[in-house]
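In: fold the following.
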Amino acid sequence: MAAIGAGAAPRALVARVEELDGYVSVAEQRISKAELDLAALDAPSDAQAMRDALLEFDGVWNELDGDERASVLSLVLDEVTVNGATGEAELRLRGGL
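Out: Numbers count the residues shown, from 1 in each chain. From the prediction side, this is the model:
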């Protein structure tokens, strides 16, 4: 390594070290991506947040203001369709429920 730093190493050796440095760089990038992917797996999902909200729904609902209620419902509901003629509502829940 001292010879490479001093410019006294054979070109083939320098080229090989540079090639290996490239492999190390690629490996470090893959490790970083894998660590991010692993962290994402550990993060709570929207489905988990929905389940948690539903488990506490009755006890919390009366304590929430209008904006908070809208936030909770947005976690659970994907679409609400109201039939104007009959007054019936159809609720479509978000995936996973």
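
In: where does the residue nearest to residue 82 when sequence neighbours are not counted land on pLDDT?
Out: For residue 82, ignoring the flanking residues on the chain, the nearest one in space by C-beta to C-beta, 6 or more residues apart in numbering is residue 89 at 4.9 Å. Just so you know, the C-beta spots here come from the backbone N, C-alpha and C atoms, and that holds for glycine as well. With respect to pLDDT, residue 89 scores 93.

In: which other helices and strands does the helix or strand hosting residue 16 contact?
Out: Taking DSSP states H and E as the criterion, residue 16 maps to helix 11-42. In terms of contact count using 3 or more C-beta pairs under 8 Å, 6 or more residues apart in numbering; DSSP states H and E, helix 11-42 is assigned the packing partners helix 2-6.

In: domain map for this protein?
Out: Segmentation of the chain into domains, based on automatic domain parsing, reads 2-42, 46-93.

In: for the record, mean pLDDT for the first one?
Out: Pointing back at domain 2-42 there. The pLDDT scores in domain 2-42 average 82.

In: centre of the chain to it, how far?
Out: How far domain 2-42 lies from its chain's middle: 28 Å, per C-alpha atoms, centre = their mean, to the nearest Å.

In: quick one: the residue most central in space within the chain from residue 82, how far?
Out: The centroid of the chain falls nearest to residue 40 when counting by C-alpha atoms, centre = their mean (4.5 Å). Between residue 40 and residue 82 the computed distance is 37 Å (C-beta to C-beta, to the nearest Å).
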